[in-house]
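**Q** Have a look at this prediction, sequence included:
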Amino acid sequence: MTAAEGSAAAQVGRTPYLSIRGLSKLFGEFAALTDISLDVYEGDFVCFLGPSGCGKTTLLRAIAGLDIQTAGSVVQAGRDISRLPPSERDFGIVFQSYALFPNLTVTKNVAYGLDSRRGSRAETARRVSELLELVGLVEHADKYPAQLSGGQQQRVALARALATSPGLLLLDEPLSALDAKVRVHLRHEIRTLQDKLGVTTIMVTHDQEEALTMADQIVVMNQGVVEQVGTPEDIYGHPATPFIADFVGSMNSLKGVATQGGYVRVGAVEFAAGGTLRPGMAATVCIRPEDVTVRGVAASETNAFPVRIGAIEFLGSFWRVTLRSEGNGGFELLADFSTNLVRDLDLREGARIVVAVPPERILVFAGGGPRP
Amino acid sequence: MTAPAAVASMVRVRPRASADDRILMLATVLIVGALLLGVAAPLYALLAKGFQAADGTFVGLANFRTYFSTPALFDSIGNSVAVTLITTGIALPLAFLFAYGLTRTCMPAKSLFKGIALIPILMPSLLPGISLVYLFGTQGLAKGLLMGESIYGPIGIVLGELFYVFPHALTILLIALATSDARLYEAAESLGASKTRIFLTVTLPGVRYGLISAFFVVFTLVITDFGVPKVIGGKYNVLATDVYKQVIGRLDFEMGAVVSMILLGPAVLAFFADRLAERRQSAALTARAVPYEPKPKRGRDAAFFAFCVLVGLAILTVLGVAAYASWIKLWPYNLSFTNYHYQFDLRDGGGWASYRNSLVMSGSTAALGTAIVFVGAYLVEKSRGFRPGRIALQFLAMMPMAVPGLVLGLAYVFFFNAPNNPLNGLYHTMAILVINTVVHFYTVAHLTAVTALKQLDSEFESVSASLKVPVYKTFWRVSVPVCAPAALDISMYLFVNAMTTVSAVVFLYAPHTALASVAVLNMDDAGEIASAAAMGMMIVYTSAAVRGLHALLTRGVLARAQAWRHR
């Protein structure tokens, strides 16, 4: 199933607002994007997620017309825009640097795209104050960008991009230049604003937490191709490839061998995982740290196995515990235990406990692991 | 990852040009065309002339054979190289010590010394020559210091050139010494390195490229300078005066072209060497470097202060002698005050009209030059499409730096005075002087503008396109105001250089477009030395006034208009 079909299956009956087909981008001999097909639906908040160099910004710039693709088509609202320069497309954009005009006040920055369109002065002023109210910057209207905090500058850039009521809002890592706290706050704010305006939005990010908390649909990219398109729950719970399993969230990847009846053996432990691999094949078992259970686990239970506790690391709201399985070919497993669990069971370094992993929480991939 | 075959076989998307793209492309074509006519075509005409006889027929290397079989001509090569190497060998250590004093010691009055050291930039290079004649000439006050040697010759040339090149060498070395990393010194000290060792292993390597760059700049300035040897060279021939003599004195244009080409050689070589050094220099400095803060040390500070006082006094003396001589009746016999020497209309050489012409020419050069240079730099730096055009523009913008003024001036004669050139109507007009001067000083102005534009966010144009605002509007509303200080620097640079330059325009002026700097030359030639000094001082007063105005504008008016820079 291709990415485009996958997202289409989830969106039966809706026509896509933005449709990308067979898009490739070459820089000399290097293929930055290879045969990308993707649909974005009206009103959705879509995140392009991937490590740096995966091509997500290149794809965004192709959609904007800033760096037009080598081959392939882009159709927006039924109009083929593949060859059009940015000025003939319908989008607003916020860059990582915000690119605010430093010599213009907040008001003039926001009004920048309104000036050139015919419309009365009063109308422009009304629209600007409406936007400033929307992003909560009314009292800063006459300041210059350098007099604002990073978060405020970001909101000016957002207001400027939205001023002309574009059909598509493009955000290129808009939060990465901000402090952690401001970032979390602005995530929520941007998403609320987008819900209110209903503008179709594409945001590029390398921060999986950002993508998981903000997006309706996440497009995970790696090495110039789309690896998976889906909702945050899909991507986190059912990663389509070992790369995504490893990239999104924390993941234990254990190398093992498939055995009879859908089991995979890792060291001395046989995991029941409902896999369909042929016995004898190399397999990778993926387990999220939060899916390792301790409380009330009996040794006879499915997927229960004894471990010795290695390092315990305090991470604020929970503890990250390194577990070492016993027996031949012992392996290490990271597990996240809540503070009260650690307290109740009095877990300490060197203690021996029995843990289990529910079969439905285990992912099995053929082959040796997420990173070739 | 390499391109899969599937992509190669696909239909390539052909982006459609926007209105902005077309405007930028048109502007690029226009400026490239202008520079082709203003730099490349004249140089080609000059090179061609070297291989032609007077009637225009091709004679191959015949002119060069004549040149090298005439000792009176090719002796100048040795003379030029000798005075140039001697001047460079003296100027660099002096400028280095001066710059070291300003950056690495705690001596007092640093900004005063810096201001004094930069004074020679405001003078035409003829003026130090004239001052030296007053000081060490036949009636000179300090003639005895020469112990019987004549100032007219290599001694005078070297002394005069020292004043002329000192501020240029100093500026480069100041930058090189200022951009050093304090952490390296702390590390060296904590490792117990001696003073000498620190100087040899930290200081010198840090300024190595600055020194190389200063060497080539000074070398080029001296070997191509015409003003100093013209006034004080006497019978000691150098390449630059040869060009002038061949063309103006003997009307032998072909031989003038041959000497020009020989002069072009070292200048081009120095240009490439300097570019190479500059590339290394910028790579050597990281953004995390900590600026060096000198700590007070009495002995060292006093020694550098004394040295800077000496150099400062020498510069002030040269300026003061020219100023004084221009206001007294007859040096050194009648020291009573007079404005007689400023009555230029009583003398040959162009009179007050030449001064007014200079103002018009410099003003036009500053206005026109700043506009073209800034637009050109914008196209190189900010437009995305039309790569061949941008590369051609960048190349043509760098070219004038490698061409000495005399060579450029002569090239203009050959190109614009050709009867079959439709542009020959420009010959002997004010316009050709302006065009020539803009081209002459194009490169430094271009580099200043590019540096300023590089500091602007590269996405301004993208944002503006997404908002459907035409590129020229964003250029005018954002790029120009934000770069206003740099534009002001460029216009001042062009104005001052247009006021002081002699070399290129000396071939191009007509009686009704004579310039102040040329008047200095002609009055000196005619023996009216005091009036030559007076006209030279008029140039200094004007340049200084413009510099003052520039400082006022930058600090006052512009600071208010640039309120957005402050938090």
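**A** Perfect, I can see it now. Numbers count the residues shown, from 1 in each chain, chains lettered A, B, ... in the order given.
**Q** Next up, phi/psi of residue 78, please.
**A** No chain was given, so I picked chain A. phi 80, psi 0 (degrees, to the nearest 10).
**Q** hm, I was asking about chain B
**A** Dihedral angles (degrees, to the nearest 10) for residue B:78: phi -60, psi -40.
**Q** Quick check: the gap between it and residue B:404.
**A** To residue B:404, residue B:78 is 18 Å away according to CB to CB, to the nearest Å. Where you see a C-beta, it was placed from the backbone N, CA and C, and this is true even at glycine.
**Q** next one: residue B:376
**A** Applying CB to CB, the value for residue B:376 to residue B:404 is 22 Å.
**Q** Settle it for me: which of residue B:78 and residue B:404 has more neighbours?
**A** Shown here are residue B:78 and residue B:404; by other CB atoms under 10 Å in any protein chain shown, residue B:404 has more neighbours (26 against 10).
**Q** Tell me which residues touch residue B:255, please.
**A** Residue B:255 makes contacts with B:63, B:66, B:67, B:73, B:246, as judged by CB atoms under 8 Å, 6 or more residues apart in numbering or on different chains.
**Q** how about low-confidence regions in the stretch 101-250 of chain A?
**A** A:116-119 (pLDDT under 70).
**Q** In contact with residue B:543, which residues?
**A** B:121, B:122, B:123, B:495, B:496, B:499, B:500 are the contacts of residue B:543 under CB under 8 Å, 6+ apart.
**Q** what helix or strand is it on?
**A** Residue B:543 is part of helix B:529-555 when elements are defined by DSSP states H and E.
**Q** Averaged pLDDT, that helix. What do you get?
**A** Averaged across helix B:529-555, the pLDDT comes to 92.
**Q** which of the residues in that helix are buried?
**A** By 16 or more other CB atoms under 10 Å in any protein chain shown, the buried positions in helix B:529-555 come out as B:529-540, B:542-543, B:546-547, B:550, B:553-554.
**Q** before we move on, what about stretch A:96-114?
**A** Buried-residue list, stretch A:96-114, by 16+ other CB under 10 Å: A:96, A:98-114.
**Q** Ends of it, what's the gap?
**A** 22 Å (CA to CA, to the nearest Å).
**Q** hmm, that stretch touching chain B?
**A** Yes - using CB under 8 Å from any CB of the partner chain, stretch A:96-114 reaches chain B at A:97, A:99, A:101, A:102, A:103, A:104, A:112, A:113.
**Q** Out of the residues you listed, flag the one nearest to chain B.
**A** residue A:113 (3.0 Å; CB to the nearest CB).
**Q** Quickly find the element holding that closest one.
**A** Per DSSP H and E: helix A:106-115 holds residue A:113.
**Q** Touching that helix from outside, list them.
**A** A:100-101, A:104, A:124-125, A:127-128, A:131-132, A:137, A:140-145, A:148, A:156, A:159-160, A:163-164, B:464, B:466-469.
**Q** part of a strand, is residue A:73?
**A** Yes - residue state for residue A:73 (DSSP: H, G, I helix; E, B strand; the rest coil) corresponds to a strand.
**Q** Could you list everything it pairs with in the sheet?
**A** residue A:21 (DSSP bridges).
**Q** For it, give me its contacts.
**A** A:19, A:20, A:21, A:22, A:23, A:80, A:82, B:13.
**Q** repeat for residue B:342
**A** Here residue B:342 is in contact with B:326, B:531, B:534, B:538 (criterion: CB under 8 Å, 6+ apart).
**Q** between these, which is nearest chain A?
**A** residue B:538 (38.1 Å).
**Q** Next one: the closest residue to the closest one other than its chain neighbours from residue A:357, what distance?
**A** Using CB to CB, 6 or more residues apart in numbering or on different chains and skipping the chain neighbours, the partner closest in space to residue B:538 is residue B:355 (5.7 Å). Separation of residue B:355 from residue A:357 (CB to CB) stands at 93 Å.
**Q** which of these two has more neighbours?
**A** residue A:357 (25 against 22).
**Q** For burial, what's the neighbour tally of residue B:410?
**A** 30.
**Q** swap that for residue A:310, please
**A** Residue A:310: 14 neighbours (other CB under 10 Å).
**Q** Enumerate every residue touching residue A:206.
**A** So residue A:206 contacts A:49, A:50, A:51, A:52, A:56, A:173, A:176 (CB under 8 Å, 6+ apart).
**Q** Check the burial of the fifth one by counting its neighbours.
**A** Counted with other CB under 10 Å, residues neighbouring residue A:56 total 28.
**Q** any idea of the pLDDT on it?
**A** Taking residue A:56 on its own, its pLDDT is 96.
**Q** Same question for the one 3 residues further on.
**A** Listed pLDDT for residue A:59 reads 97.
**Q** Grab the most central residue of the chain for me.
**A** Because you didn't say which chain, this covers chain A. residue A:211 (3.2 Å; CA atoms, centre = their mean).
**Q** right idea, wrong chain: chain B
**A** Short answer for chain B (CA atoms, centre = their mean): residue B:441, at 6.4 Å.
**Q** which phi and psi does that residue have?
**A** Dihedral angles (degrees, to the nearest 10) for residue B:441: phi -110, psi 20.
**Q** Need the nearest residue in space to it, chain neighbours excluded.
**A** residue B:497 (4.9 Å).
**Q** distance of residue B:423 from residue A:83?
**A** For residue B:423, the distance to residue A:83 - CB to CB - is 41 Å.
**Q** Any buried residues in stretch A:56-66, and which?
**A** Here stretch A:56-66 shows A:56, A:57, A:58, A:59, A:60, A:61, A:62, A:63, A:64, A:65, A:66 as buried, counting by 16+ other CB under 10 Å.
**Q** Sorry, wrong one. I was asking about stretch A:322-336.
**A** A:322, A:323, A:325, A:331, A:333, A:334, A:335, A:336.
**Q** repeat for stretch A:164-173
**A** Those would be A:164, A:166, A:168, A:169, A:170, A:171, A:172, A:173, for stretch A:164-173 by 16+ other CB under 10 Å.
**Q** Please list which of these are also close to chain B.
**A** A:164, A:166.
**Q** Now intersect the buried residues of stretch A:164-173 with the strands, please.
**A** Mapping those onto strands (DSSP state E) picks out A:168, A:169, A:170, A:171, A:172.
**Q** What count of nearby residues applies to residue B:33?
**A** 12.
**Q** immediately after the helix holding residue A:113, which helix or strand?
**A** For helix A:106-115, the succeeding helix or strand toward the C-terminus, using DSSP H and E, is helix A:121-134.
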